[in-house]
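Student: how would this look folded up:
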Amino acid sequence: MTAVEFWYEFASTYSYPAAMRAERLAAAAGVELRWRPFLLGPIFAAQGWSDSPFNIYPAKGRYMWRDLARICAAEGLALREPLSFPQNGLRAARIALLGAEEGWGPGFTRAVYEANFAGRKDISDEAVLTGILGALGLDAASIIERAASDENKARLKTQTQEAIAKGIFGAPSFVVGDELFWGNDRLEAALQWARSRG
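Tutor: Here you go, the predicted structure:
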């Protein structure tokens, strides 16, 4: 079966509901899901943006928060706007990169999204991330140290460059082979595409 790559950024609003449902829907579809954290900052910078487009274009931002509220209500997800938006997800992404290899990435990722978009916590704060890792029964100190290594930092940069090479311009994005699907509402289409090519 062709796998679906799930590309996500921790500051991305629509990646929140996608992360909370992707594993369940992929399992139901019998499709392998690969979790691929990356950074949108370099992609936005290449477009001349120094902020989220939802902040640059206020009408778009107002729509997004209302739309996200509807989506989260339908999914039974809590939603509280973060104290600041977008939050800095760099440290969390470095940790998630390790988790994707070691099997605890999905649980960590969902917990970070809940902290950001339901708990109004600062996901760049090491204490917040330590608490999330500890709640998952993981050795937080060791993981945070490994995540901050030069090797792991370089790997996240490489993964972000891979996203750019695949034509990814926003999050969440789903990639099946050479086919790109952008947006939380394209998850089902990506899974169906993978099934049809299995």
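
Student: Excluding chain neighbours, what is closest to the residue nearest to the spatial centre of the chain?
Tutor: Central residue of the chain (CA atoms, centre = their mean): residue 8, 2.9 Å from the mean position. Take residue 8 and drop its neighbours on the chain: the residue closest to it by CB to CB, 6 or more residues apart in numbering is residue 15, 4.2 Å away. The C-beta positions use only the backbone N, C-alpha and C, and glycine is treated the same way.

Student: Looking at the chain, which helix is longest?
Tutor: When the chain is parsed with DSSP state H, its longest helix is helix 58-75.

Student: Could you tell me the average pLDDT over that one, please?
Tutor: Averaging pLDDT along helix 58-75 yields 97.

Student: and residue 181, how many neighbours?
Tutor: Applying other CB atoms under 10 Å, we find 20 residues neighbouring residue 181.

Student: try residue 66
Tutor: 10.

Student: which secondary structure elements does the longest helix of the chain contact?
Tutor: Helix 58-75 sits against helix 15-29, helix 53-56, with contacts defined as 3 or more CB pairs under 8 Å, 6 or more residues apart in numbering; DSSP states H and E.

Student: Show me what the last one packs onto, helices and strands only.
Tutor: Helix 53-56 sits against helix 58-75, with contacts defined as 3+ CB pairs under 8 Å, 6+ apart.

Student: State the distance from residue 93 to residue 11.
Tutor: Using CB to CB, to the nearest Å, one gets 9 Å for the distance from residue 93 to residue 11.

Student: pLDDT wise, what is the residue nearest to residue 8 at?
Tutor: For residue 15, pLDDT reads 98.

Student: How about the contacts made by it?
Tutor: Applying CB atoms under 8 Å, 6 or more residues apart in numbering to residue 15 gives the contacts 8-9, 113, 171-172, 184.

Student: Check which residues of the host helix or strand of residue 133 are buried.
Tutor: Here residue 133 is covered by helix 126-135, with elements defined by DSSP states H and E. Buried residues in helix 126-135, defined by neighbour count with 16 or more other CB atoms under 10 Å: 128-129, 132-133.

Student: Check stretch 106-123 too.
Tutor: For stretch 106-123, the neighbour count (16+ other CB under 10 Å) marks 106-119, 121-123 as buried.

Student: And the contacts of that stretch?
Tutor: 8, 10-11, 13, 15-16, 19-20, 23, 35, 37, 77-83, 87-89, 91-92, 95-96, 99, 128-129, 132-133, 135-136, 138.

Student: Apply 7 Å and report the result again.
Tutor: Stretch 106-123 is contacted by residues 10, 16, 19-20, 23, 35, 78-80, 82-83, 87, 89, 92, 95-96, 99, 128, 132-133, 135-136 when judged by CB atoms under 7 Å, 6 or more residues apart in numbering.

Student: just to revisit the earlier point, verify the stated contact: the residue nearest to the centre of the chain with residue 19.
Tutor: Yes: with contact defined as CB atoms under 7 Å, residue 8 reaches residue 19; the gap is 6.0 Å.

Student: Dump stretch 137-153 to CSV, restricted to CA.
Tutor: Below are the C-alpha coordinates for stretch 137-153, written out as CSV (Å, rounded to 0.1, in the frame of the first residue of the first chain):
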residue,chain,number,x,y,z
GLY,A,137,6.5,8.2,30.0
LEU,A,138,9.6,9.4,28.2
ASP,A,139,13.0,10.5,29.3
ALA,A,140,12.5,14.2,28.7
ALA,A,141,16.0,15.4,29.6
SER,A,142,17.6,13.0,27.2
ILE,A,143,15.2,13.7,24.4
ILE,A,144,15.5,17.4,24.7
GLU,A,145,19.3,17.1,24.7
ARG,A,146,19.3,14.9,21.6
ALA,A,147,16.8,17.2,19.8
ALA,A,148,19.2,20.2,20.3
SER,A,149,22.2,18.4,18.8
ASP,A,150,23.7,19.9,15.7
GLU,A,151,23.0,16.7,13.8
ASN,A,152,19.3,16.8,14.6
LYS,A,153,19.0,20.6,13.8
